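Asks: I would like to see how this sequence folds:
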Amino acid sequence: MLKPLSSDRWNFSTAAHLLNRAGFGGSPADIQALCDLGPDKAVSHLLDYEYIHDPTTDPDWAKPNPEEVQRFRDGIRNATTPEEKKKLQQEQQQLIQRRMQELRGWWLQRMARGPRPFQEKMVLFWHGHFATSVEKVRNPYYMWRQNELFRRLATGNWQQLLTDAGQDPAMLVWLDQAQSRKDHPNENFAREVMELFALGEGHYTEHDIAEAARALTGWSLEPQEQKYIYRPRIHDDSDKTIFGQTGNFDGEQFIAMIVAQPQSAKFITAKTWNYFSGSVPSPELSNALAVNFRANGNIFKPFLRAMFRSEEFYAPDIVRNQVKSPVQWLINSVRVLECDLPPTLVSWGMLRQLGQDIFAPPNVKGWDGGVTWITTNSLLTRYNDAQALVEGQLPPLTAGDFARKAGGGGGDKAMKAMQRMRLGGVNVEKILTPEERADKASIVAALEHRLFQTSLKSDQEQTLREFLDSKTKMSNADIVTTVRLMMSTPDYQVT
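Replies: Sure thing, here's the model as predicted:
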């Protein structure tokens, strides 16, 4: 298994499939450029992103700030009146909200316009895997730092990623490991590491959890300096028995023991395959993926290279059979339509309504994904958001909703701020040549090529034809409506 796809099967459609799955899609020109590289160089172009300069700068607050931490801590603790304390707490909350909005926009722009789409797709994968929410962490610097950790180790060594993610300040807060002590070890953290991060349910015992929790004691947080710290005085240095082995294990040794389990490779490679292919691997494929991963030293990049080159990845039941996540839907739409990403507040509102609030996954399991992204309500919301994107109009949103998303403030004031926002919309002359706009058949063919890389299903195409037949001559506004209608089809919700 995992035989490389032959060069004679490489074409525009397979290149589009690779760009859609290993990135967020792109224009026909983007796809053709990838196609012209051939399969080996195309995969390398996406995976070897470290050779591509990324000019993105960090938010100016994305660094430890002990003075700010101390100011709020001392101010709230030493407040002389309830009003003074409340004022400081509100100031702190507004600062968190403002920075989180900046952070969301910063990451969305990296996905939409950054030069390393595969790296950002991996960051999104790890964000869902090590699901951590700002709702509990309440620290934008910690959330940025974790996001950067996923970016730095996106395709690196599995053991290092598990260790660094476990020692990450956001994770230490999220799963309460910072409170773990040798006289009261935190079993919740140990359980999630095995169940959700590295092995899957049923591949450990309750005794393993209890002993692993003891091994992990000492992993803690220095809140003033805002970094991980190992505290030997709270570490349980007596013998533990984990996976049938006995010794004075610490947290890093426990992580190494997990990675040594054959199930760990099977678990993470199957989840990675499912994320990129949209399908659970067969037992035979799952074994082949795990063998490849372990043969490459539990390093993700060579495993991913083999996966994206394999015949299995381009099988007919894989291509155009994955429901777009809300983030994939939004970023893909912006890329294929070559339009601006909506303002951060609008983009965030869209993603929240569609069920994928970045930096705030619903629980420790992350998002379920797949067909769960599509409900009657969410499908209608996608259609409304498609109209907003192509026509440059804001999606329906009440003033109260806007005020809440903006982090407080009066409804009337929020509505006025919303009314001043404008989206760019689709520039027809940018996405269609004069020849492609010459007649209805050419318009439909060009838009199908851009939006689907294939033809619409016959019943959906018939509905579109009926709209076009009602027009004697296609104006730019009519073409924009045609784009909206195409995006409001079941076909557009999959990739």
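
Asks: could you pull out the strands for the chain?
Replies: 219-222, 227-230, 240-242, 245-247 (DSSP state E).

Asks: So which of the ones you listed is nearest residue 434?
Replies: Closest to residue 434 of the strands of the chain is strand 227-230 (C-beta to C-beta; 57.9 Å). C-betas here are computed from N, CA, C, even on glycine.

Asks: Could you check how many residues crowd around residue 423?
Replies: Per other C-beta atoms under 10 Å, the neighbour tally for residue 423 reads 20.

Asks: what do you get for residue 245?
Replies: Counted with other C-beta under 10 Å, residue 245 comes out at 12.

Asks: For the residue nearest to it when sequence neighbours are not counted, give me its contacts.
Replies: Excluding the flanking residues, the one nearest residue 245 by C-beta to C-beta, 6 or more residues apart in numbering is residue 257, at 6.8 Å. Applying C-beta atoms under 8 Å, 6 or more residues apart in numbering to residue 257 gives the contacts 242-243, 245, 249.

Asks: out of those, who's nearest residue 463?
Replies: Closest to residue 463, out of all of these and judged by C-beta to C-beta, is residue 243, at 57.8 Å.

Asks: gap between the closest one and residue 287?
Replies: According to C-beta to C-beta, to the nearest Å, residue 243 and residue 287 sit 21 Å apart.

Asks: circling back: could you dump the strands of the chain into CSV and include mean pLDDT and distance to residue 86?
Replies: As requested, these are exported to CSV (pLDDT from 0 to 100; distance: least, C-beta to C-beta, whole Å):
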stretch, mean pLDDT, distance to residue 86
strand 219-222, 97, 27
strand 227-230, 97, 30
strand 240-242, 98, 46
strand 245-247, 98, 52
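
Asks: For the ones you listed, could you give me TSV that also reports distance to residue 117?
Replies: Below are the strands of the chain laid out as TSV (distance: least, C-beta to C-beta, whole Å):
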stretch	distance to residue 117
strand 219-222	33
strand 227-230	30
strand 240-242	39
strand 245-247	42
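
Asks: How about residue 108: what's its closest non-neighbour residue?
Replies: Leaving aside its sequence neighbours, residue 108 sits nearest to residue 347 (C-beta to C-beta, 6+ apart; 5.6 Å).

Asks: just for the stretch 251-400 of the chain, where's the confidence low?
Replies: Applying pLDDT under 70 to the stretch 251-400 of the chain flags residues 395-400.

Asks: hmm, 50 instead?
Replies: The model of the stretch 251-400 of the chain has pLDDT under 50 over residues 398-399.

Asks: Can you give me the domain boundaries for this structure?
Replies: Under the assignment automatic domain parsing, the domains of the chain span 7-47+262-314, 428-493.

Asks: Can you say which of these is packed in most?
Replies: Comparing those by mean neighbour count (mean count of other C-beta atoms under 10 Å), domain 7-47+262-314 comes out on top with a mean of 19.

Asks: so how far is that domain off the chain centroid?
Replies: Put simply, domain 7-47+262-314 sits 17 Å off its chain's centre (C-alpha atoms, centre = their mean, to the nearest Å).

Asks: And it, end to end?
Replies: 13 Å (C-alpha to C-alpha, to the nearest Å).

Asks: follow-up on the earlier one: list the contacts for the residue nearest to residue 108?
Replies: Counting by C-beta under 8 Å, 6+ apart, residue 347 touches 104-105, 108, 330, 341.

Asks: Most neighbours among the residues you listed, please name it.
Replies: Counting neighbours by other C-beta under 10 Å, residue 330 leads those with 25 neighbours.

Asks: if I read this right, that one contacts residue 351, doesn't it?
Replies: Yes - Residue 330 is within contact range of residue 351, at 6.5 Å (criterion: C-beta atoms under 8 Å).

Asks: overlap in contacts of the two?
Replies: Both residue 330 and residue 351 lack any common contact, where contact means C-beta under 8 Å, 6+ apart.

Asks: From residue 249, how far out is the residue nearest to residue 245?
Replies: From residue 257 to residue 249 the distance is 7 Å (C-beta to C-beta).

Asks: For these two, list the residues in contact with both.
Replies: Joint contacts of residue 257 and residue 249 (C-beta under 8 Å, 6+ apart) are residue 242.

Asks: close enough to count as contact, residue 31 and residue 17?
Replies: No - using C-beta under 8 Å, residue 31 is not in contact with residue 17, being 9.5 Å away.

Asks: can you list residues touching both of those two?
Replies: With C-beta under 8 Å, 6+ apart as the test, residue 31 and residue 17 both reach residue 453.

Asks: Pull the contacting residues for the nearest residue to residue 46 once chain neighbours are set aside.
Replies: Once flanking residues are discounted, residue 46 sits nearest to residue 118: 4.1 Å by C-beta to C-beta, 6+ apart. Counting by C-beta under 8 Å, 6+ apart, residue 118 makes contact with 22-23, 46-47, 49.

Asks: make it 6 Å
Replies: By C-beta atoms under 6 Å, 6 or more residues apart in numbering, the contact set of residue 118 is 22-23, 46, 49.

Asks: Please apply the same query to residue 286.
Replies: Residues counted as contacts of residue 286 (C-beta under 6 Å, 6+ apart) are 266, 270.

Asks: Quick check, central residue of this protein?
Replies: residue 124 (2.3 Å; C-alpha atoms, centre = their mean).

Asks: Could you tell me how far that one is located from residue 151?
Replies: 10 Å.

Asks: again, but for residue 425
Replies: Distance, residue 425 to residue 151, by C-beta to C-beta: 31 Å.

Asks: Those two - which one has more neighbours?
Replies: Comparing residue 425 with residue 151 by other C-beta under 10 Å, the one with more neighbours is residue 151, at 19 against 16.

Asks: which non-adjacent residue is nearest residue 250?
Replies: Residue nearest to residue 250 in three dimensions, not counting chain neighbours: residue 215, with 5.8 Å by C-beta to C-beta, 6+ apart.

Asks: Give me the buried positions along stretch 363-373.
Replies: 364, 366-367, 369, 373 (16 or more other C-beta atoms under 10 Å).

Asks: Now do the end-to-end distance for it.
Replies: Distance across stretch 363-373, first residue to last, is 16 Å (C-alpha to C-alpha).

Asks: wait, residue 436 sits on residue 446?
Replies: Yes - using C-beta atoms under 6 Å, residue 436 is in contact with residue 446, at 3.9 Å.

Asks: Only the buried residues of stretch 89-97, if you could.
Replies: Across stretch 89-97, burial judged by 16+ other C-beta under 10 Å covers 92, 96-97.

Asks: Give me the subset of these lying in helices.
Replies: Among the buried residues of stretch 89-97, DSSP state H puts 92, 96-97 in helices.

Asks: want to throw the residues you listed into a markdown table with pLDDT and distance to residue 265?
Replies: Below are those laid out as a markdown table (pLDDT from 0 to 100; distance: C-beta to C-beta, whole Å):
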| residue | pLDDT | distance to residue 265 |
| --- | --- | --- |
| 92 | 93 | 43 |
| 96 | 95 | 38 |
| 97 | 95 | 41 |
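
Asks: wait, which of those residues is closest to residue 76?
Replies: Looking across those and measuring by C-beta to C-beta, the closest to residue 76 is residue 92, at 7.7 Å.

Asks: Good, we can wrap up now.
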